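> Next comes the sequence, and after it the predicted model I'd like to discuss.
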Amino acid sequence: MWKGKEVGTGFNHRDIKVNNEQLILRAINEFEPISRADLSRKTDLSKPAVSSAVETLLAKEFINEQHHEEYDKVGRKPQLLSINEEGIYFLSADVGGTNTRIGITNLRKEIVKQDSLKTPDNWQALISTLTKYAQVDTWSDIETSKVKSFAVAIPGVVSPTGEVSVTPNIGGPDSISLKEELEKRVPIDCIIENDANSAALGEFGKVQSSYSSLVYVSIGTGVGSGLILDNSLYRGHSFRAGEVGWFLPNEECLKDKHSDKTGSLENRISGPGVYRLTLNGIKSNNIETMISADMLEEKGPKVVFDFYNKDKLAKDIVTGWLKDVSAMIVNISSLVDPGAVVLGGGVMKSAHVHIKDIEEKVDMNTQKAPEILISSLGDEAALYGGIELCWNKLGDLLWE
């Protein structure tokens, strides 16, 4: 039996009706095309409850209905229900440390239009950019009025009210109410989420049938993670859960107060961290290397992983990187016991060939190792997480 979330006590009739409508919509999205009778069997809802939910979804143009043309039994052909991919749309943005990606998605969770640009370096420019893209009819064939939610994934600490702070790559105030600032400018409900949390939701949406708990770790310009525990996103007491970049890789890090906006582990395993360690090694002349400063400047950390098997400096740096990343996964696993740890981010595009080395180190140092996966969504993980966030807000649209 396929079921959605249970409705707890204290719900009134309207709450139950909206919950049923969301449940039916999710079932149609997963099993389309599907009949009302099959929806009743899949969801364990009564036929009257299914019919009521279906009528609401049809009226709001969330779904379509058509005859089953291949039905060959005697009698009236059943009506089949499917998602109306042109009914409503969502907007999802991933504000990365280097680039920002923006995608328009339909109700089938498909990205139908996408664009990217260099991430603005200050809040004013970023808000202006997001506001411009919210007018989707200026850069797509989709009417702006059909876009019902706008999810923005951004590095930093994000509160449930959409206030963002601790964003090392964006200049301006230490904190800003991004949701409030955007909603002053665009006529769309805006959802703000930490980028790693959003990516975790995106990955979880792809594999949730296999794992109830999952940790997504992004290793790129920065380092962060999103935690899905018992099928729910976990944000922590002060919304800083998952800041694995602040793990301490060794006791030396305890000697002095850390004043940077980036943590000790991030300074070692992020793209800028690998770059800095390599440049220091080149300048020291202590280790003979084929990597020049110009080569490193041109190709970035990728060149270090490319030279792993033919250069002593590269081998030393990558070996240390593998130890640090493996220790991080061991610590994550010991604390929250996820079914899987998903690795993503720009650095992993070069480091993914070393996944077996990481698996071996983690397996040797945990009671039960999680499955270690490379992100299946790549650069689009946070965009797909935004889709999940928008889907979770569909109840508000059904209340209207």
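Looks like it came in fine.
> C-alpha from now on. contacts and neighbour counts both.
OK.
> what about His13, how many residues close to it?
His13 has 9 neighbours, counted by other C-alpha atoms under 10 Å.
> how much space between it and Leu107?
26 Å (C-alpha to C-alpha, to the nearest Å).
> Start from the N-terminal end of the stretch 1-150 of the chain and give the strands.
Here the stretch 1-150 of the chain has its strands, by DSSP state E, counting those that start in this stretch, at 63-67, 79-83, 89-95, 99-106, 111-118, 147-154.
> low-scoring stretches of the stretch 251-400 of the chain, by residue?
Residue ranges of the stretch 251-400 of the chain with pLDDT under 70: 255-260, 400.
> Show me the strands in it, by range?
Counting by DSSP E, counting those that start in this stretch, the strands of the stretch 251-400 of the chain are 340-344, 371-374.
> partners of the last one, with directions?
If I follow you right, that is strand 371-374. Paired neighbours of strand 371-374 in the sheet (DSSP bridges): strand 340-344 (parallel).
> Just give me how far the strand it pairs with sits from the chain centre.
Distance of strand 340-344 from its chain centroid, counting by C-alpha atoms, centre = their mean, to the nearest Å, is 12 Å.
> now swap in stretch 100-113 and tell me
On C-alpha atoms, centre = their mean, the centre of stretch 100-113 falls 13 Å from the chain's centre.
> what's the first-to-last distance across that stretch?
Start-to-end span of stretch 100-113 (C-alpha to C-alpha) is 14 Å.
> center of this structure - which residue?
Ala199 (1.4 Å; C-alpha atoms, centre = their mean).
> Just the element for that one, please.
In the assignment (DSSP states H and E), Ala199 maps to helix 195-207.
> hang on, the earlier thing: most packed of the strands of the stretch 251-400 of the chain?
Compared across the strands of the stretch 251-400 of the chain, strand 340-344 shows the largest average neighbour count, a mean of 24 (mean count of other C-alpha atoms under 10 Å).
> How many residues are close by the closest residue to Thr105 other than its chain neighbours?
Here the nearest residue to Thr105 in space, its sequence neighbours aside, is Ile111; by C-alpha to C-alpha, 6 or more residues apart in numbering that works out to 4.3 Å. Using other C-alpha under 10 Å, Ile111 has 20 neighbouring residues.
> ok, now how distant is Ile111 from Glu85?
Noted for Ile111: a distance of 11 Å to Glu85, by C-alpha to C-alpha.
> Next: Thr105.
Taking C-alpha to C-alpha, one finds Thr105 at 9 Å from Glu85.
> Looking at the two, which is more packed in?
Thr105 (25 against 18).
> about what we covered before: identify whichever of the strands of the stretch 251-400 of the chain lies nearest to Val186.
Among those, strand 340-344 comes nearest to Val186, with 31.3 Å by C-alpha to C-alpha.
> returning to what we had before: please list all residues in contact with the residue nearest to the centre of the chain.
If a contact means C-alpha atoms under 8 Å, 6 or more residues apart in numbering, then Ala199 has 216, 226, 381-385 as its contacts.
> returning to that earlier point: for my notes, please list the strands of the stretch 1-150 of the chain in a markdown table and give distance to Gly263 and mean pLDDT for each entry.
What follows is the strands of the stretch 1-150 of the chain, written out as a markdown table (distance: least, C-alpha to C-alpha, whole Å; pLDDT from 0 to 100):
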| stretch | distance to Gly263 | mean pLDDT |
| --- | --- | --- |
| strand 63-67 | 47 | 88 |
| strand 79-83 | 44 | 92 |
| strand 89-95 | 20 | 96 |
| strand 99-106 | 21 | 95 |
| strand 111-118 | 24 | 95 |
| strand 147-154 | 18 | 96 |
